[in-house]
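Enquirer: Using only what follows, build the 3D model:
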Amino acid sequence: MGVFDFLRPRREKAVEPAIEAVAEAVRANLAALGLRVGAQSYGRRFVEIRGSTSDRLITTPDSKEASGVAVLIAGGYEPPAIVFEQINSIEGGLGRRMVGAVLAGARTRPGLFPCVKVNDLSPFQRDGRRWWAHVADAHGDFDWRITHDPDESHWPAPSEAVSDTPDFLRKREKLRALAVEFGHDPAVVTLSPERKVFPYLGQSFASEGEATPDGRVTIYYDPDMSDARLGCCLAHELQHLRYFVVRDAWRAEPPDGPLHRRFAPFTPELLAAQRGVSNYANEHWDAWAGPSLPRLFSDELAEGGSEPINETIAEVAKALYNWGPEARINVVWRSLREAIDQECQRVMCAPRTAPGQKRGPPRP
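Expert: Below is the predicted model:
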């Protein structure tokens, strides 16, 4: 009988062996610290473990009664992750030892859990950094993804293994097919079962997707997302990647370089006069708080708290995918987007088909 067999109903599928092995190593390591330990599996790819100095398994932050840690062994995430849900220590140094025990368990299967996630709301230390930033430095062999979101719904409750559902699997294959259609490497386009929430303009919003300058795109699974919406979201995020490529090349060349000359006509005044091409893009224009107008290829978020230019160009790609080349798009934004795609292809031998160049519906 496996270590978690007594926790699961007989009708439920067993935890995958590799994930169960890591969970057992984590449990044993926490027990070796003298903690009481409990575990609960959720489907085949999630195991939650709680270790505490209390028989009641108290792990609540700021508790004065007990030290403890709650961690989710999330094999169903993409990539698989160790998620620290709660941690508290009333004994000096125990917090770091609990983290070390958990990560030592993860290391028993090298590469299986490359990512560590934590929503860090801990106080700032004397050096201006939070506690988890120091802990991450001591365990640099993991990919740390640290958020500071007061809305803890950033991490979904693992009530079911979302990534094992037929709808998730179908959408994941559809996303890969779309990536190929757009000429992008499907290996770096991921459908994540997580729910990502981000604060913006004093409110919390669920994110549909994100692109990062390292060339990766993550789309966050939504059971209500249609294939058309999935394609629009991917077109938007891939356009961000193209923008990053050209932006980096523009910044790397001298002021009289070819990219500077090509994009010189797209002045701050010209772009600001056009505003956005969608309600979402115009929200970024309305939120701009910089001392001057946003500039193409600048760090918009740092300078003005929003990204009106970057987001508007991505919305152009989304509109062109949704409506085809006949979409009524402002000529300035259409020209800028085309220039960025052309220069991206020149700089990086970019994908064969731009995200917004999907053919529209056949004409009668």
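Enquirer: Strands of the stretch 51-200 of the chain, start to end?
Expert: Listed in chain order, the strands of the stretch 51-200 of the chain (DSSP state E, counting those that start in this stretch) span 68-74, 81-88, 115-119, 143-147, 189-192, 197-200.
Enquirer: residue ranges with poor pLDDT in the protein?
Expert: Filtered on pLDDT under 70, the chain yields the residue ranges 1-13, 149-161, 197-205, 349-364.
Enquirer: How is it divided into domains?
Expert: In the domain annotation for the chain, the residue ranges read 5-154, 165-357 (automatic domain parsing).
Enquirer: Now render those as CSV, adding mean neighbour count.
Expert: Any C-beta I mention is one placed from the backbone N, CA and C, and that applies to glycine too. Output for the domains of the chain, formatted as CSV (neighbours: other C-beta atoms under 10 Å):
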stretch, mean neighbour count
domain 5-154, 17
domain 165-357, 17
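Enquirer: correct me, but residue 312 touches residue 280?
Expert: No - counting by C-beta atoms under 8 Å, residue 312 does not reach residue 280; the two are 9.1 Å apart.
Enquirer: show me what contacts residue 171?
Expert: 191, 221, 225, 227, 230 (C-beta atoms under 8 Å, 6 or more residues apart in numbering).
Enquirer: Using CSV, please lay out the residues you listed together with secondary structure.
Expert: Listed next are those as CSV, based on DSSP: H, G, I helix; E, B strand; the rest coil:
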residue, secondary structure
191, strand
221, coil
225, coil
227, helix
230, helix
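Enquirer: is it true that residue 213 touches residue 248?
Expert: Yes - if you go by C-beta under 8 Å, residue 213 and residue 248 touch, sitting 7.5 Å apart.
Enquirer: can you give me the strands for the stretch 201-350 of the chain?
Expert: So, for the stretch 201-350 of the chain - with DSSP E, counting those that start in this stretch - the strands run 203-206, 209-212, 216-220.
Enquirer: And for the last one, what's in contact with it?
Expert: If I follow you right, that is strand 216-220. Applying C-beta under 8 Å, 6+ apart, the contact partners of strand 216-220 are 175, 184, 188-192, 194-196, 206-211, 230, 233-234, 237-238, 241.
Enquirer: sorry, back to before: could the contacts of residue 171 be laid out in a markdown table, adding distance to residue 103?
Expert: Listed next are these as a markdown table, based on distance: C-beta to C-beta, whole Å:
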| residue | distance to residue 103 |
| --- | --- |
| 191 | 27 |
| 221 | 27 |
| 225 | 34 |
| 227 | 39 |
| 230 | 35 |
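Enquirer: returning to that earlier point: would you format the strands of the stretch 51-200 of the chain as TSV with distance to residue 288 included?
Expert: Putting the strands of the stretch 51-200 of the chain into TSV (distance: least, C-beta to C-beta, whole Å) gives the following:
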stretch	distance to residue 288
strand 68-74	37
strand 81-88	35
strand 115-119	28
strand 143-147	24
strand 189-192	30
strand 197-200	13
